[in-house]
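Student: Sequence first, then the predicted structure:
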Amino acid sequence: MYSFTRDLRVPVVGAPMAGGTSTPALTSAVSDAGGFGFHGGAYLSPDALRADVRAIRELTDQPFGVNLFVPEQVDVDEEEFAAYRERLAPLAERAGVVLPESVPFTDDAFDAKVDVLIAERVPVVSFTFGLPDRSTVGRLHDAGIAVSSTVTSVDEARIAVDHGVDSLCAQGFAAGGHRATFRIHDADPQVETLDLVRAVAPLGLPVVGAGGVSTSRDVEAILGAGAVAAQIGTLLLRTPEAGTRQAHKDALVDPRFTRTVTTRAYSGRLARGLENNFIRSNDGHAPLAYPQVNTLTGGIRKQSSTDADVINLWAGSGFREARAVSVAEVISGLIPQAPDRFDQ
């Protein structure tokens with residue numbers, strides 16, 4: 001079975017960033033630069049995921065991985081959903097969007113996408129928002145595919161180890177994008193990256209530390225805490241290979257945006273992004289329902305794609321360090337100077 005944590009030339013992993021930011025060009029560029037590229041498979045149809053996997057293979061002969069969101073169906077408070085819809089109605093009207101009266105649960109074609117990844121023999125599959133059933137992990141292993149789990153706490157890491165995964169991504173509180181808590185209703189453990197890496201490394205699996213990575217010193221610190229690599233996402237947002245919206249790229253260097261916060265306002269799940277008017281107006285009002293809230297706000301975000309005060313601006317705490325340079329340049333600047341094993 002392939003082990004991306006053993007074969008890394010550079011101790012840097014490219015985060016999967018679903019919703020269009022992950023592109024075949026971005027994923028392949030990370031792997032070509034000596035790191036390991038993960039592709040965001042959430043929101044893609046099975047056919048689109050298959051096409052992306054094949055496009056990545058056309059661009060690189062290096063291994064890569066794909067991440068999927070694990071579905072969780074919870075009861076939705078219909079009154080809270082209706083109240084949130086009403087709250088968003090004026091903004092939707094300005095954007096020319098008709099909000100749905102209700103949104104059914106969908107599992108994002110999870111099983112079909114697992115089938116695609118097995119058929120395509122993707123080297124590594126990682127999971128966010130919990131774990132699939134043990135039979136799914138077994139099917140991936142039977143196909144020679146390594147399995148990784150994103151965790152935000154020691155308890156989640158222990159569950160993942162018991163589930164038979166091959167590696168852990170320890171997502172610290174500073175990381176951008178969706179928090180990987182196993183359950184929608186879970187409070188965020190708010191554990192910082194180095195503390196989380198130190199806490200889960202003794203469990204015996206290879207660990208990738210994610211969150212707050214801006215410089216080679218940050219990579220060195222994560223390695224020193226017991227990880228085999230550091231994961232970056234925000235640092236890649238302004239690269240030409242990423243599919244980041246231009247308004248999002250611009251906001252990362254706009255002095256109007258001064259900090260990141262976690263919010264459920266866009267999707268019903270906790271996520272970290274630049275604080276903008278949408279978050280200030282709606283934080284604390286969204287029902288805890290994913291993907292229903294994500295779908296509810298989706299039309300507004302699509303029609304307001306050039307307005308940084310409306311769209312989600314996922315980013316980690318080190319967002320000011322994101323530069324408009326190639327992926328190769330980003331990764332070369334993160335190579336630790338001390339460890340000889342990462343000399344290229």
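Tutor: Ah, there it is.
Student: Now do the helices in the protein.
Tutor: In the chain, the helices defined using DSSP state H lie at 24-32, 46-59, 78-95, 110-119, 134-142, 154-163, 193-200, 216-224, 246-251, 277-282, 292-303, 327-332.
Student: Return the most buried member of these.
Tutor: Comparing the helices of the chain by mean neighbour count (mean count of other C-beta atoms under 10 Å), helix 24-32 ranks first with a mean of 25. (Glycine included, C-beta is placed from N, CA and C.)
Student: Could you tell me the angle between that one and helix 46-59?
Tutor: Helix 24-32 runs at 50 degrees relative to helix 46-59, counting by axes from the mean of the first three to the mean of the last three C-alpha atoms, to 10 degrees.
Student: and helix 24-32, what does it pack onto?
Tutor: strand 12-14, strand 36-40, helix 46-59, strand 64-69, helix 327-332 (3 or more C-beta pairs under 8 Å, 6 or more residues apart in numbering; DSSP states H and E).
Student: With just CA atoms, put the last one into CSV.
Tutor: Extracted in CSV, the C-alpha atoms of helix 327-332 (Å, rounded to 0.1, in the frame of the first residue of the first chain):
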residue,chain,number,x,y,z
VAL,A,327,2.9,26.7,-6.3
ALA,A,328,6.5,25.6,-6.8
GLU,A,329,7.7,28.9,-5.4
VAL,A,330,5.4,28.6,-2.4
ILE,A,331,6.7,25.1,-1.6
SER,A,332,10.3,25.9,-2.1
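Student: quick one: average confidence on it?
Tutor: Here helix 327-332 scores 98 as its mean pLDDT.
Student: elements contacting that helix?
Tutor: With 3+ C-beta pairs under 8 Å, 6+ apart as the test, helix 327-332 has helix 24-32 packed against it.
Student: From the rest of the structure, what touches the helix it packs on?
Tutor: For helix 24-32, contacts defined as C-beta atoms under 8 Å, 6 or more residues apart in numbering pick out 12-14, 36-39, 52, 55-56, 58-60, 62-64, 236, 239, 241-243, 326-328, 331.
Student: could you dump that helix to CSV, C-alpha only?
Tutor: C-alpha atoms of helix 24-32 as CSV (Å, rounded to 0.1, in the frame of the first residue of the first chain):
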residue,chain,number,x,y,z
PRO,A,24,-6.1,19.5,-11.3
ALA,A,25,-3.4,22.1,-11.9
LEU,A,26,-3.1,22.9,-8.2
THR,A,27,-3.1,19.3,-7.0
SER,A,28,-0.6,18.2,-9.6
ALA,A,29,1.7,21.2,-9.0
VAL,A,30,2.0,20.5,-5.3
SER,A,31,3.0,16.9,-6.0
ASP,A,32,5.4,18.0,-8.8
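Student: The helices of the chain: which one's closest to Val103?
Tutor: helix 292-303 (4.2 Å; C-beta to C-beta).
Student: how does the protein divide into domains?
Tutor: 1-71+107-244+323-337, 74-105+253-314 (automatic domain parsing).
Student: what's the neighbour count on Phe173?
Tutor: 20 (other C-beta atoms under 10 Å).
Student: roughly how far apart are it and Ser332?
Tutor: 28 Å (C-beta to C-beta, to the nearest Å).
Student: Repeat that for Thr128.
Tutor: 28 Å.
Student: How about Arg183?
Tutor: Distance check for Arg183 against Ser332: by C-beta to C-beta, it reads 39 Å.
Student: again, but for Ser148
Tutor: Going from Ser148 to Ser332 by C-beta to C-beta gives 25 Å.
Student: Quick check: beta-bridge partners of the residue nearest to Ser126 when sequence neighbours are not counted?
Tutor: Spatial nearest neighbour of Ser126, chain neighbours left out: Ser148 (3.9 Å); criterion: C-beta to C-beta, 6 or more residues apart in numbering. Legend: beta-bridge partners of Ser148 under DSSP bridges are Ser126, Ser167.
Student: Next, count neighbours for Ser148.
Tutor: 25.
Student: Run through the stretch 201-344 of the chain and note the low-pLDDT ranges.
Tutor: For the stretch 201-344 of the chain, the stretches flagged by pLDDT under 70 are 338-344.
Student: before we move on, what about the stretch 1-150 of the chain?
Tutor: For the stretch 1-150 of the chain, no range has pLDDT under 70.
Student: Swap in 80 and give it another go.
Tutor: 1-7 (pLDDT under 80).
Student: which residues touch Tyr266?
Tutor: Residues in contact with Tyr266, defined by C-beta under 8 Å, 6+ apart, are 273, 278, 286, 293-294, 297, 301, 312.
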